[in-house]
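Asker: Sequence and predicted structure, then a few things I'm wondering about:
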Amino acid sequence: MSRREDSPPHVARWLLERLLPRDEREFVIGDLEETFAAWQAAGAGRRFIRLRYWRAAFGALAAFAAAKRATTPFREPPQHARRKGDGLMSNLLRDARYGLRLLLRRPGFTIVAVATLALGIGANAAIFTVANTLLVKPMPYVDAEELVILTENNLPRGWTSFSVSPANFLDWRDHTKSFARMAAWGGRSYNYTGGETPERLRGLVGTEGFLEMLGGAPILGRGFHPEEFEPGKDLVVILNHGFWRSAFGGNPGVLQQSIMLNGQSHTVVGVMHPHWRFGGRETALFAPRAFSADERGQRGGHFLNVVARLKPGATPEQAQIEMSDLAARLAEQFPDTNKNWGAVVTPLRDAVVGDLRPMLRILLGAVGLVLLIACANVANMLLARATVRSREMAIRSAIGAGRSRIVRQLLTESVLLAAIGGAIGLALADWGTSSLFRAYPTLLPRASDMKIDGTVLIFAGGLSLLTAVLFGLVPAFAASRTQLNESLKEGGRTGGMGVFGRWLRSALVVSEVAVALVLLAGAGLLLRSFAQLTRVEPGFETDRRLSVTTVLPWPKYSEPALAIGFSDQVLERIRALPGVESAALTSTVPISGSDELYSIEFEGRPPLPPGQGVSALYYLVSPDYFRTIGIPLLKGRAFTDQDRDGTARVAIVNDEFVRLHYPSEDPIGKRIRMGRNATIIREIVGVVGSVKHYTLRDKTQAQMYEPFRQFPSTGMTFVLKTSVAPATIAAAVRREIQAVDPEQPIANTGTLSEMVSTSMMLPRVQTMLLAVFAGIALVLAAVGLYGVMAFGVSQRTQEIGIRMALGARPGSVLRLVIGEALTLTAIGLAIGLAGAVLLGRALSNLLAGLLFQVAPSDLATLAAVALVLTLVTLFASLIPAKRATRIDPVEALRSE
Amino acid sequence: MTMSYKSHGATPLYLGEFELLVLLAVIRTGIDAYGVTIREELSRKTSREPSLGAVYKTLGRLERKGYVSVRIGDPTPERGGRRKKLYQLEPLGARALKQSFAAFRRLTRDLGPELETP
């Protein structure tokens, strides 16, 4: 056995020499050396030995550090303990112990300082947790960086990311070289009728290789066979673990059983691994996505999502070039359907994070600023204290403590403060993030991954340390500058830091005010923007409106007459419910997230060249829909019960449609082709008001309505106008639906005002968070100013006493103090305003995406926040100013 | 039972479980009892692998209680020429051991052959 002669790790030995108590050093290192030699003789591996040595070294260090702690209170420290060079460790411990005693002796100071730091570090840890999960932490898939999302786009129409048509997907899959694998997926809803009550389940259907590509492996049973991706053979499902547990009690006997989904028998072939997830929503089951012969040739209908895995070494950029080439060729080959359609390659993480990036950046910046203010505040408090402690420092240096020794001790105290603040801050961050996600579970993707983990701990630890240095270094050096003679002579009253200290404290307050103003300006802008957003009219009434969605299963309701019969019966029953004023139905509700979009052809106009088509949002509605949801009829007539199968095909468009396509003509009587069956021509009989379809921020779009009875669809949402609180009716509506068909589950119920409010969740939370951070900044700045003024007054007691003895009135003393505070505030405001304007200009791109109808340098907002800040600082300086006026000249002079 | 200490006429001397083991190891190792050999004896005779740090901590405690005393041994080459810190049992330590064993015996009496202390 060949054995390399080796010596113990140098660093470890160096540490031992440095940190072990002098009288133990030789014996302990000797023991470790001997053990090391014994391990070597036994032929253990080099890495193993070195690791063991490190472990033993740390163990020994810990043992003696603990022993030191245990002995000190009981007996005199040995003589050598005071000698220079005696272990760094014991000095550190002594300083820490001393610092802790000091902190406990001044609980007021300690609580304010720790709370300030906890807020600063906590805010940072919370936002870092979110940002780290979204931007850094690997996605929960094997080699996730190879995964990309593929979409289509149509830039002339302004669609930057669009679903993919089946024929295009098949061409992409078969004619590209950048990808190791490509698969399409989509959501599919199932009516499950095997349980106690019919249930609406969300399923995920994927083409061959979809689950395998993303590491979705069954824990029980098998994955899908290739032949199960052919139409007719695709009636197999894999159950998600949660659904398997809830619906089948985790019974493994479910394999090969049949379950009824959408009225068809499906065979269970597997149960998915419990940890595997895809997308943010809960999925009950997985099924193969088979393409019918019809679908295989379809290029115009876009409804697939596509994910692909890059070949090893291929980059998203290379893949993009190849895909763009292919899309261009397809556009040439199939101009009718593919003109102007391109292909987009997006790394999976970017697709998930989406447009959250700007907000994350703003929030990260905001919490950074909060921490800066917190640091300035604590530095200020320490400076004030250093002045008070200058006598202690003078005595220390008089009995031989060097400058570095004093700085080290003061820094130890800062680190102690920061460590306590950091620990509490982490707890705050944990509480803050978890309660935020409890309140808004769907706010962010991957919210369940956002926990305080090792990375966050390291971040918070590092941040605390950095913070300690930031707020501790300046006061420590300032304190160590103390002039020995001066301090001892002055009797420890003003200390030797005089002008320098006062200047430093003022500078810190000025910068706090400036930074707080920048934050307040940001929060103010978001608040105004949010207020604008809430003022936007959605175009329909949300008050006392309930929506209930259900989807009829396909083979059972494949006859249009059956769907019409079902909807007629349900409408009749729910109209009769007490508390219901009117009821109607629609294929799609605005703001619900789903949409239908079709191209339009105008009769009597030359067909538009391929790729230049226009389109409109599309709705199938019952006659009462406009009245029930509160969309005004502007011209012509609404639908009636006479608009049914067999009568003339009619359509209603919105005013935006008219503005775009009939700017100078009367739209009534014009005929168009559009919608689910584009071969049929419809006559426009009415014009209604526009509604916001996606979010309140959107521009108004062209919209078209058709009578439900002329094109019944299986997906339908009942909309009710109620005279009582709408949520109280939901259960009754469900009962009526199941009275018509006991097997029919409800997909969704909600009030329209809830839906609008949900659509504003992200802007609301963003605004709220920034407002909270700005509020913290405001309070901290006020506390900082208060501290400086109060300290200034207490230091100048004699001066003020003399002034009053010489005849100064309380009013002039008040003016003196407040005037000083206002001067500091004014300087801070000027710097802050300049900073806010400059920052607004630098971040204008970032802000444009976040602000709604508010300019980044909105003067009213800036003026308002400046005013608020001035008032708050005025208030903060009022207390010390009042105190100054109450100084008794006799007392003040006697204390000399 | 608390009275029985008094009836044995001794001041109660406390000995933790690991302290007991280390003290025994010191006795067994005899004249060459220092960190490495004590740790080896412990790992040979008990089912655990204590770290050197744990052994030091306990030896320090025993020393402070006056159960063991320390003398400085000779340097050896495998220790890089460093000296050893050798430990030996003190009368107070021996008394603590005896008290511990007496307590064991009293507590295990009549608990059956498997638990009975010899």
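Answerer: Nice, I can see it. Quantities reported herein were computed from a predicted structural model and do not represent experimental measurements.
Asker: where does chain A come near chain B, residue by residue?
Answerer: Proximity of chain A to chain B, by Cβ under 8 Å from any Cβ of the partner chain, involves residues A:24, A:26-35, A:37-38, A:55-56, A:58-64, A:66-67, A:70-71. In short, each C-beta sits where N, CA and C put it, glycine included.
Asker: Can you show me the helices along chain B?
Answerer: Here chain B has its helices, by DSSP state H, at B:3-8, B:17-29, B:35-45, B:52-65, B:91-108.
Asker: Equivalent analysis for the stretch 701-850 of chain A, please.
Answerer: Remark: helices assigned in the stretch 701-850 of chain A by DSSP state H, counting those that start in this stretch are A:730-740, A:752-759, A:761-795, A:797-805, A:810-842, A:844-848.
Asker: Mind listing what's buried along the shortest one?
Answerer: So the one you mean is helix A:844-848. Under the neighbour-count criterion of 16 or more other Cβ atoms under 10 Å in any protein chain shown, helix A:844-848 has A:846-847 buried.
Asker: and what of the first one?
Answerer: Neighbour counts over helix A:730-740 (16+ other Cβ under 10 Å) mark A:730, A:733-734, A:736-738 as buried.
Asker: just checking, what packs against that helix?
Answerer: strand A:545-551, helix A:560-575, strand A:748-751 (3 or more Cβ pairs under 8 Å, 6 or more residues apart in numbering or on different chains; DSSP states H and E).
Asker: what's in contact with the first one?
Answerer: Strand A:545-551 has contacts (Cβ atoms under 8 Å, 6 or more residues apart in numbering or on different chains) with A:189, A:191, A:200, A:589, A:592, A:628-630, A:714-722, A:726-727, A:729-730, A:733-734, A:737, A:744-753, A:755.
Asker: Now restrict those to buried residues only.
Answerer: The neighbour count (16+ other Cβ under 10 Å) marks A:189, A:191, A:200, A:589, A:592, A:628-630, A:714-722, A:726, A:729-730, A:733-734, A:737, A:744-746, A:749-753, A:755 as buried among these.
Asker: List the buried residues for stretch B:61-80?
Answerer: Neighbour-count burial for stretch B:61-80 [16+ other Cβ under 10 Å]: B:61-63, B:65, B:67-68, B:73, B:78-80.
Asker: Closest one to chain A out of those residues, please.
Answerer: Top of the list for closeness to chain A, among the buried residues of stretch B:61-80 and by Cβ to the nearest Cβ, is residue B:79 at 3.8 Å.
Asker: quick one: contacts for the closest one?
Answerer: Residue B:79 is in contact with A:30-31, A:33-34, counting by Cβ under 8 Å, 6+ apart.
Asker: Can you classify the residue of chain A found nearest chain B as helix, strand or coil?
Answerer: Proximity of chain A to chain B (Cβ to the nearest Cβ) peaks at residue A:59, 2.7 Å away. Secondary structure for residue A:59, judged by DSSP: H, G, I helix; E, B strand; the rest coil, is helix.
Asker: burial of it, as a residue count?
Answerer: 19 (other Cβ atoms under 10 Å in any protein chain shown).
Asker: likewise residue B:101?
Answerer: 13.
Asker: Also residue A:507?
Answerer: Neighbours of residue A:507 (other Cβ under 10 Å): 14.
Asker: The one 5 residues further on now?
Answerer: Look at residue A:512: counted by other Cβ under 10 Å, it has 29 neighbours.
Asker: I'd say it and residue A:375 touch.
Answerer: No. Residue A:512 is beyond contact range of residue A:375, at 9.6 Å (criterion: Cβ atoms under 8 Å).
Asker: Between these two, which contacts overlap?
Answerer: Here residue A:512 and residue A:375 have no joint contacts, going by Cβ under 8 Å, 6+ apart.
Asker: Let me know the pLDDT of residue 80.
Answerer: Since no chain was named, I'll use chain A. pLDDT, residue A:80: 45.
Asker: Chain B was what I was after
Answerer: Confidence score, pLDDT, at residue B:80: 80.
Asker: Let's see which of the contacts of residue B:79 end up in strands.
Answerer: Among these, the subset assigned to strands under DSSP state E is empty.
Asker: which two in those residues are spaced the farthest apart?
Answerer: Farthest-apart pair in the contacts of residue B:79 is A:31 and A:33; separation 7.2 Å (Cβ to Cβ).
Asker: Please identify which of these two sits among more neighbours.
Answerer: Using other Cβ under 10 Å, the more surrounded residue of residue A:31 and residue A:33 is residue A:31, with 25 against 21.
Asker: Which residue comes closest to that one once chain neighbours are left out?
Answerer: Leaving aside its chain neighbours, residue A:31 sits nearest to residue B:35 (3.9 Å; criterion: Cβ to Cβ, 6 or more residues apart in numbering or on different chains).
Asker: Residue A:595 contacts residue A:693, correct?
Answerer: Yes. Here residue A:595 reaches residue A:693: they are 6.3 Å apart, a contact under Cβ under 8 Å.
Asker: Show me the common contact partners of the two, please.
Answerer: Here residue A:595 and residue A:693 share the contacting residues residue A:617, scored by Cβ under 8 Å, 6+ apart.
Asker: Between these two, which has more neighbouring residues?
Answerer: A side-by-side neighbour count of residue A:595 and residue A:693, using other Cβ under 10 Å, places residue A:693 first with 22 against 13.
Asker: My reading is that that one lies in a helix. Confirm?
Answerer: No. Using three-state DSSP, the assignment for residue A:693 is coil, not a helix.
Asker: So it versus residue B:53, what's the distance?
Answerer: 69 Å (Cβ to Cβ, to the nearest Å).
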